[in-house]
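>>> Next one to model:
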Amino acid sequence: MTLPISMPWSNPVFAKPPHAWKGVRVAVFPFTPKPGSLRRILPPGIEPRDGQGMVTMLSYPPGATRPFHECVVLVPVRVGDVVGNYVPFIYVTTDEALIPGREIAGFPKRIADVRFEREGSRFVGSATRFGKTFLSLEGSIDAPLPTELAAAQSQASRAPTINYKLIPGPAGEIEVEEITAVDLEIETRGAEIGKGRLHCEASDDDPLAELIPDTEGPLVLLLSDNTIPAGRVLQRIERKERAS
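Model (predicted):
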């Protein structure tokens with residue numbers, strides 16, 4: 001056995017990045033955050049910027065892990081000179097997908113029942129935890145994505161994905177606190193566009209509705225090859241109690 005980098009030591013959950021999948025199905029839906037909501041959810045060191053947020057739902061085939069579904073919320077932010085998208089909410093269906101995301105880059109992943117269904121021109125997606133469906137996305141796909149919009153979508157996917165990595169030590173003290181960035185590598189193989197409707201149900205456990213309004217707008221479906229490379233630390237946070 002080669003020296004593992006993840007737990008359990010004798011049967012590690014994941015290997016070193018990069019982690020790659022071919023033929024990922026992706027649904028992308030833009031939204032405008034509710035007024036004032038970004039300021040309330042952003043941690044220190046991360047500033048809001050103008051632009052739209054995105055709900056992205058993904059269906060991963062076998063690759064770096066077994067198949068899984070994912071639901072990601074991204075909002076436009078800035079960390080110093082770095083412009084990217086912060087992830088306040090992200091849900092996956094397997095521990096193989098959850099553990100490396102949290103331990104490596106600090107994605108705030110939670111386990112949920114994520115639905116991703118495409119039948120003909122219809123798309124239906126949702127995210128459910130503790131019996132409550134807190135996000136629903138549905139719509140229809142009408143046509144191939146025009147070349148100019150495909151180029152804009154490709155450019156948007158190159159923006160760094162930003163997380164606030166917060167890990168306590170064994171006694172409950174904060175051991176790791178840093179802002180990280182991951183430059184996802186996405187090679188689009190196909191793209192279609194249609195119209196969709198997004199609804200978030202109020203939930204104390206998953207308060208997406210405080211950020212995302214009920215919205216109708218363009219729904220983009222992609223087929224892509226996705227690679228999650230090693231990320232980087234943008235900023236390390238030193239709390240006063242840790243420094244004293």
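>>> Can you give me the neighbour number for residue 50?
Residue 50 has 6 neighbours, counted by other Cβ atoms under 10 Å. The way it works is simple: take the backbone N, C-alpha and C, and place the C-beta from them, glycine included.
>>> mind listing what it touches?
residue 76 (Cβ atoms under 8 Å, 6 or more residues apart in numbering).
>>> measure it to residue 78 for me?
10 Å (Cβ to Cβ, to the nearest Å).
>>> backbone phi and psi for the most centrally placed residue in the chain, please?
For the chain, residue 72 is the residue whose C-alpha lies nearest the centre (Cα atoms, centre = their mean; 3.4 Å). Here is the backbone geometry of residue 72 (degrees, to the nearest 10): phi -130, psi 130.
>>> Could you do residue 13 as well?
Dihedral pair for residue 13: phi -80, psi -30, per degrees, to the nearest 10.
>>> Surely it touches residue 95?
Yes: with contacts counted by Cβ atoms under 8 Å, residue 13 reaches residue 95, the gap being 7.1 Å.
>>> Compare these two (neighbour count), which wins?
Ranked by neighbour count (other Cβ under 10 Å), residue 13 and residue 95 place residue 13 first, with 17 against 13.
>>> what sits against that one?
6-7, 95-96, 99-100.
>>> Contacts for the top helix by length along the chain, please.
Identified as the longest helix of the chain according to DSSP state H is helix 147-157. By Cβ under 8 Å, 6+ apart, the residues outside helix 147-157 that reach it are 28, 145, 184, 186, 188, 191, 193, 220, 222.
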